[in-house]
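Engineer: Provided below are the primary sequence and the corresponding predicted coordinates.
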Amino acid sequence: MRVLVVEDFEVLARSIGNGLRHEGMAVDVVLDGTAALEHLAVTRYDVVILDRDLPGVHGDEICRQLAHGRCEPRVLMLTASDTIEDRVDGLSLGADDYLPKPFAFAELVARVRALARRASPPLPPTLACGDIALDPARRVAFRAGRRLELSPKEFALLECLLAAPGLVISAEELLERVWDAAADPFSSAVKHTMHRLRAKLGDPPVIETIREGGYRIGSS
């Protein structure tokens, strides 16, 4: 899942970003509306966590632009105000959900996951291929009944592959979906993480490397 956090209070923004990364999400963090629009112009996000009162371009204007775009991400609007009028205003601008500050981080994570499910074609509660099963909600994966101890990046790679069994997913797409904007596009992060994931999955091998630079799990 790729998430953009737009929040001008840097301590809160970094805290949200770090917490969501710990939950296995790829997260970019920006501190003003202008930077948010720049990121949205070049990167496809599943969810945008958007503070309403932003410097530069106001959060309301960003929400309007997203609502009128094509294939727009889901928007979770944050604000210090908790009046009914503000909630109605935010939702009428095109926000998909609204969370007043202060909030519990667990609730933020639950709302982000719920919005991401609405942003993508529905997937079964458990992703499976052969003897491999992965539960995105519980963040657990198994092979032949054995629980796999995966890092957040390894889990996210396996989730991407299981969500499209039999299809080839390029290394570039995996880098975009699993890592954030700080990742070097010329790095070997995908290759190295895939190597560790394969080792943990064990034999027989289930992830194919495709000559053109992609990966596939399951038969085509």
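Structural biologist: That came through, no problem. What you see is a predicted model, and the numbers here were worked out from it, not measured in a lab. Numbers count the residues shown, from 1 in each chain.
Engineer: Alpha carbons of stretch 88-102, as CSV, please.
Structural biologist: What follows is stretch 88-102, C-alpha atoms only, in CSV (Å, rounded to 0.1, in the frame of the first residue of the first chain):
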residue,chain,number,x,y,z
VAL,A,88,-19.7,18.0,6.5
ASP,A,89,-17.5,20.6,4.7
GLY,A,90,-14.6,18.1,4.5
LEU,A,91,-16.7,15.3,3.1
SER,A,92,-18.5,17.6,0.7
LEU,A,93,-15.1,18.6,-0.8
GLY,A,94,-14.5,15.0,-1.7
ALA,A,95,-12.8,13.5,1.3
ASP,A,96,-13.6,9.9,1.9
ASP,A,97,-13.2,9.9,5.6
TYR,A,98,-12.6,12.5,8.4
LEU,A,99,-10.5,12.1,11.6
PRO,A,100,-10.3,14.9,14.2
LYS,A,101,-7.1,15.5,16.2
PRO,A,102,-6.1,14.1,18.6
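Engineer: Can you tell me what sits against that stretch?
Structural biologist: Outside stretch 88-102, the residues within contact range by C-beta atoms under 8 Å, 6 or more residues apart in numbering are 50, 52, 60, 63-64, 66-68, 74-82, 87, 107-108, 111, 114-115, 118. Glycine gets a C-beta too; all of them are placed from N, C-alpha and C.
Engineer: Now which of these would you call buried?
Structural biologist: Among the contacts of stretch 88-102, the ones that count as buried by 16 or more other C-beta atoms under 10 Å are 50, 52, 60, 63, 66, 74-79, 87, 108, 111, 115.
Engineer: Just the strands from this structure, written as ranges.
Structural biologist: 2-6, 26-30, 47-51, 74-79, 97-100, 127-129, 132-135, 140-143, 146-147, 169-170, 207-210, 214-217 (DSSP state E).
Engineer: okay, the angle between the lengthiest helix in the chain and strand 26-30?
Structural biologist: Counting residues, the longest helix found in the chain (DSSP state H) is helix 105-119. Taking axes from the mean of the first three to the mean of the last three C-alpha atoms, to 10 degrees, one finds helix 105-119 and strand 26-30 inclined to each other by 110 degrees.
Engineer: which other helices and strands contact helix 105-119?
Structural biologist: Packed against helix 105-119, as judged by 3 or more C-beta pairs under 8 Å, 6 or more residues apart in numbering; DSSP states H and E, are the following elements: helix 10-22, strand 47-51, strand 74-79, strand 97-100.
Engineer: So for the second one, mean pLDDT?
Structural biologist: Put plainly, it is strand 47-51. For strand 47-51, the mean per-residue pLDDT is 94.
Engineer: One more: the longest one?
Structural biologist: When pLDDT is averaged along helix 10-22, the result is 93.
Engineer: and that helix, C-alpha only, in PDB?
Structural biologist: Taking Å, rounded to 0.1, in the frame of the first residue of the first chain, the C-alpha atoms of helix 10-22 are listed here in PDB:
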ATOM      1  CA  GLU A  10       6.600  17.900  11.300                       C
ATOM      2  CA  VAL A  11       6.800  15.900  14.500                       C
ATOM      3  CA  LEU A  12       3.300  14.500  13.900                       C
ATOM      4  CA  ALA A  13       4.000  14.000  10.200                       C
ATOM      5  CA  ARG A  14       7.200  12.000  10.900                       C
ATOM      6  CA  SER A  15       5.500  10.000  13.700                       C
ATOM      7  CA  ILE A  16       2.600   9.000  11.400                       C
ATOM      8  CA  GLY A  17       5.000   8.100   8.600                       C
ATOM      9  CA  ASN A  18       7.200   5.900  10.800                       C
ATOM     10  CA  GLY A  19       4.200   4.200  12.400                       C
ATOM     11  CA  LEU A  20       2.600   3.400   9.000                       C
ATOM     12  CA  ARG A  21       6.000   2.000   7.700                       C
ATOM     13  CA  HIS A  22       6.100  -0.200  10.800                       C
END
